[in-house]
Each structure stands twice: as C-alpha cells, then as structure tokens.
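> Next comes the sequence, and after it the predicted model I'd like to discuss.
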Amino acid sequence: MDPITPVHSTGVLLLIAAVAVAVLLVLIIVVRLHAFIALVLVSLLTAVAAGIPLADVPLALTSGFGSTLASVALLVGFGVMIGRLLEASGGAQVLADTLVTRFGEARAPFALGVAAFLFGLPIFFDAGLVVFLPIILTVARRFGGSVLLYALPAAGAFAATHALLPPHPGPVAAGTVMGGDLGVVLLVNLPIAVVAWYVGVYLFSRYVGKRVHVEVSTILMGEQNDGSGSTAPPPPFSLVLSILLVPLVLIGLNTVLTTLVTNGTVAEGNALVETLVLLGNTPVALLLTLMLAIATIGRRGRTLSETQGLLDASLGPVCSVILITGAGGMLGGVLRTSGIGDALTDSLGDLGIPLLLQAFLLATALRVAQGSATVALTTASGLIASQTTDLSDVQVALLVTAVAAGATVLSHVNDSGFWLVSRFFGMDEKTTLRTWTVMETTLGVSAFAVAAALYPLVG
C-alpha cells in the first residue's frame, strides 16, 4: 500500500511512533501478552492514530502482513524441513564434527561465523539463517553453554553480508541510485564487512555469550514419536555439503544474473538465463534442495511415510515464528504507510551535517521507524543521491557503507528479522533486545567507523 498524505505534523508522527514501540514493549515484556496479538493490536492502534483513513486500515494491516509472509513463510517452511532432515539423519552432526576437527572446540564459534559469511555472500539473511540453523544448534548442543556463543557469529555474518555487499539488493540499489560502480562497492565493502563482523559481531558474541545464558532451542527436535528414529549410518560429509551447496549455487546464479540483466550486461529474454533465474529464486531453490534432501538423507533407514511424519512434525514449532514475523512486518508496513518514516527523514534532511554522517543518520532514522533494512538503505540513498554527482567511485562506495551501517543498527520489534532470531534461538523479547539488537548496533557502528576513518583519505 502506498504512503498516505500525512494528516499530522512531523512532531506528532514521531511521537506516535515512539508511543507505539513503547506500548508494544510493555504489552509483551510487562503484561506478557503473546507477541503476535500484541503486534497486531499495536499495528491497528497505530494505523488509526496516525490518520490512515478507517476504510484503508484493513488494507494497511494486511498488505504489510502479506508482503512479509510472501517472502518469509516459504523460506521458513522449506528451510526448517531441510534442517529437520539434516538434524534427524545425523548430517548436521557430521558437519559439526568436521568443523570442530578442522578448527577445534575453542574456535568453533569463529568457524561457524566464517562459514556463514561465505555462505551469505549470495544468499539473503533469512534464507541463509534457516538453512544454517541445524548446524548452529548441533554445535551448540555438543559443547553446551549459551547458544549465543554460536548463534550470534553466524547470524551476524548473514546480517553483514546482506546489508553491506553486492549482489544483495540493498547495496546494489544504493550503489546504483548514487551513481557508483558496483564492482568498486564490492571491493571496498568486502574488507569493511569482514572488520565490522569481527569487531561488532564476533568479539561482542564472545562477551555477551559468557554473560547471558540461553538454552539451546529444541525447534528442530520434533516430537518424540515422529518416526525419526533410524538405524542407518549418518550421511557422508560430501553428501551433506552437496545438499547445502545446492541453494548456495542456485541463489548465487540468480543474484548474479539478475544484476547483470539489470545493468544491461546480459540481454533480457534469454531462455537459459530466465530458467536459471527461476531455479535460483529463493523459494524454488529451497524447494529443489528439500526434494534432494528427501531423496537422499531423508530416505536413509526410513520409509517415505516415516519421512513425511518427520516433516510434518518439523512444521508445528515454526507456525508461531511465521505468524509473529508476519505481524512484525505488519507494524513496519503501517509505519511506512502512515508517513512516519518520511517524517523522520524530513526532520534530519536539512541539518547541514557532513554527508557521510547524514547518510548514516538518515538510514538509522528510517530503520528505527519502519524496520526493514533494505527499505531504509534504498530510501536513504535516494535522498542523498543528488549530492553524490561529483564524488569518486570510492567515495560513493563509502557512502553506501554509511547508509548500510545506518540501516543495520537498532533492529527491534518492527523488524521481521528480530522475530526470526528471537524465535529460532528460543529467546524472549527482553533477551533479544539485550543481545541481537545490541549486536546489530555494534555491527553497524563498526562499519560506519571504518568508513568514516577512510572517507577523508580518498577525498
């Protein structure tokens, strides 16, 4: 749904946004109202208070909810089924054992983060997280301690690549809108993403993992009598790795080819290109991966009926995840439709501050207001694009870094990623704010700090 013409002043809209977030946190943390109910209720009240016409309120609610589910539900459903097959067959344990053998127990969290970083180069945050989930949980279950020691390095790696590096949509759109060279954006942002991940994610995870204990989630364990028992030996490492590489390769091809077609490097209408783009569409790629997993590791020591029972059992625990994530998208959609995001942008646009800092603050304001990192990134880059015409490609690349950093910080209750992480790793909302929200902020601030240090050197 398109944004409406605001009926309130900028100050009133900002106050409505602040009150909405505060009420939501009180309902969830203090009143202990179920997060799904609280999100829908606050979304409804916010839509009315912000002046969305009453006849349009249902559309404002359902459009945000539906668009989020369209991108998340299939990924979570297919991803958790793949994860359950990996977990039940022993495939996740095989991967965990290999990582530990190669890197050692003490460096297992680092190894998970590096693997997730490489895996996340072509794959979006939510898709990468759901496919990687069984590996994270298996390693955490083996060594004990807080799951945060293992979950945050991996989840943070997916967040870093998604926000900072082409061919992900946010940095591609930002670089294109500001007239930069996407190759230069990649070359400049890759080392910055590595540094920001190590400082803002890995070091933070070591600190918080020793101070905040979160039990390992049982989301992939299924029911006790779901037919998952198997006497077959675990699958070989090569087979498990091949299954994980299928979505990596397919989605990577989709991302690269789509970028090349958009830039005019590859002509539209090529049948082979269109077929590869279709196969690499994230839900299609995960569906193909699931079918491969069923045909290989899913049938090891089981009948097809037993495998079906295993998959049925895997979906029950994630229904809440899907609904809560959709409701988080509903609130973000209401905030966008009401014009609150534009109000924040207008309040920062004419302050006369340096361009790099302005880019960071604009993206931060949009991120806080409406939740989506990609929307914040693309919108903020469009707002400052008129000031980038005389800049070098390296300067534009650093501006992309600044915008991406601002679009990363302060993930909270209107961000669907917040709810994915919260539910996948079994954290309540307060703990997620203390850990994931802070980690996203240290990641974004670390990336911006590197960009701010380099920007004067390339001017």
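That came through fine. If you're wondering where the values come from, they're calculated on a predicted model, not measured in any experiment.

> Residue 23 against residue 42, yeah?
Yes: with contacts counted by C-beta atoms under 8 Å, residue 23 reaches residue 42, the gap being 5.8 Å. Where you see a C-beta, it was placed from the backbone N, CA and C, and this is true even at glycine.

> Please tell me how far residue 113 sits from residue 151.
10 Å (C-beta to C-beta, to the nearest Å).

> what do you get for residue 271?
Residue 271 is 42 Å from residue 151, by C-beta to C-beta.

> So between these two, which is more surrounded?
residue 151 (31 against 7; other C-beta atoms under 10 Å).

> Please enumerate the strands of the stretch 301-450 of the chain.
Shown for the stretch 301-450 of the chain, no strands are assigned by DSSP state E, counting those that start in this stretch.

> Show me where it dips below the pLDDT cut-off.
317-318, 321, 325, 341-352, 370, 372, 374-375, 378-379, 382-383, 386 (pLDDT under 70).

> ranges for the helices of the stretch 1-150 of the chain?
10-25, 35-49, 57-89, 91-103, 108-119, 125-143, 148-164 (DSSP state H, counting those that start in this stretch).

> Now render the ones you listed as JSON lines, adding distance to residue 198 and mean pLDDT.
Listed next are the helices of the stretch 1-150 of the chain as JSON lines, based on distance: least, C-beta to C-beta, whole Å; pLDDT from 0 to 100:
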{"stretch": "helix 10-25", "distance to residue 198": "31", "mean pLDDT": "80"}
{"stretch": "helix 35-49", "distance to residue 198": "32", "mean pLDDT": "87"}
{"stretch": "helix 57-89", "distance to residue 198": "27", "mean pLDDT": "79"}
{"stretch": "helix 91-103", "distance to residue 198": "15", "mean pLDDT": "74"}
{"stretch": "helix 108-119", "distance to residue 198": "8", "mean pLDDT": "84"}
{"stretch": "helix 125-143", "distance to residue 198": "18", "mean pLDDT": "80"}
{"stretch": "helix 148-164", "distance to residue 198": "9", "mean pLDDT": "90"}
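
> for these, which one ends up most surrounded?
helix 148-164 (a mean of 29; mean count of other C-beta atoms under 10 Å).

> what angle separates it from helix 91-103?
Using axes from the mean of the first three to the mean of the last three C-alpha atoms, to 10 degrees, the inter-axis angle of helix 148-164 relative to helix 91-103 is 90 degrees.

> tell me the angle helix 148-164 makes with helix 108-119.
Using the same axes, to 10 degrees: helix 148-164 against helix 108-119 is 20 degrees.

> if I pick residue 254, what's in contact with it?
Residues near residue 254 by C-beta atoms under 8 Å, 6 or more residues apart in numbering: 276-277, 279-282, 285.

> what helix or strand is it on?
Residue 254 is part of helix 237-262 when elements are defined by DSSP states H and E.

> Which parts of that helix count as buried, going by neighbours?
239-240, 243-244, 246-248, 250-259, 261 (16 or more other C-beta atoms under 10 Å).

> Give me the next element, helix or strand, following it.
Following helix 237-262 in sequence, per DSSP H and E, is helix 271-279.

> Show me what counts as buried in that next one.
Quick answer for helix 271-279 (16+ other C-beta under 10 Å): 273, 276-277, 279.

> what's the most distant pair in the residues you listed?
For those, the maximum inter-member distance is 10.9 Å, found between 273 and 279 (C-beta to C-beta).

> Now the residue nearest the centre of the chain: closest residue in space that isn't a chain neighbour?
With distances taken as C-alpha atoms, centre = their mean, residue 125 lies nearest the centre of the chain, 3.6 Å away. Once flanking residues are discounted, residue 125 sits nearest to residue 162: 4.1 Å by C-beta to C-beta, 6 or more residues apart in numbering.

> my guess is the one you found contacts residue 373, does it?
Yes: counting by C-beta under 8 Å, residue 162 does reach residue 373; the two are 7.4 Å apart.

> any common contacting residues for the two?
By C-beta under 8 Å, 6+ apart, the residues touching both residue 162 and residue 373 are residue 170.

> Can you give the distance of stretch 262-280 from its chain's centre?
In terms of C-alpha atoms, centre = their mean, to the nearest Å, the centre of stretch 262-280 is found 25 Å from the chain centre.

> What residues does residue 67 make contact with?
Residue 67 neighbours (C-beta under 8 Å, 6+ apart): 329, 333.

> any idea how far residue 151 is from it?
For residue 67 relative to residue 151 (C-beta to C-beta), the value is 27 Å.

> again, but for residue 406
24 Å.

> And residue 145, how far from residue 427?
15 Å.

> Give the residue from these two that has the larger number of neighbours.
residue 427 (22 against 15).

> so what's the backbone phi/psi at the more buried one?
phi -100, psi 140 (degrees, to the nearest 10).

> picking that back up, what pLDDT, on average, does the helix holding residue 254 get?
Mean pLDDT, helix 237-262: 80.

> mind listing what the residue nearest to residue 414 when sequence neighbours are not counted touches?
In space, and not counting its chain neighbours, residue 414 is closest to residue 371: 3.6 Å by C-beta to C-beta, 6+ apart. Going by C-beta under 8 Å, 6+ apart, residue 371 touches 328-329, 331-332, 335, 411-412, 414-416, 418.
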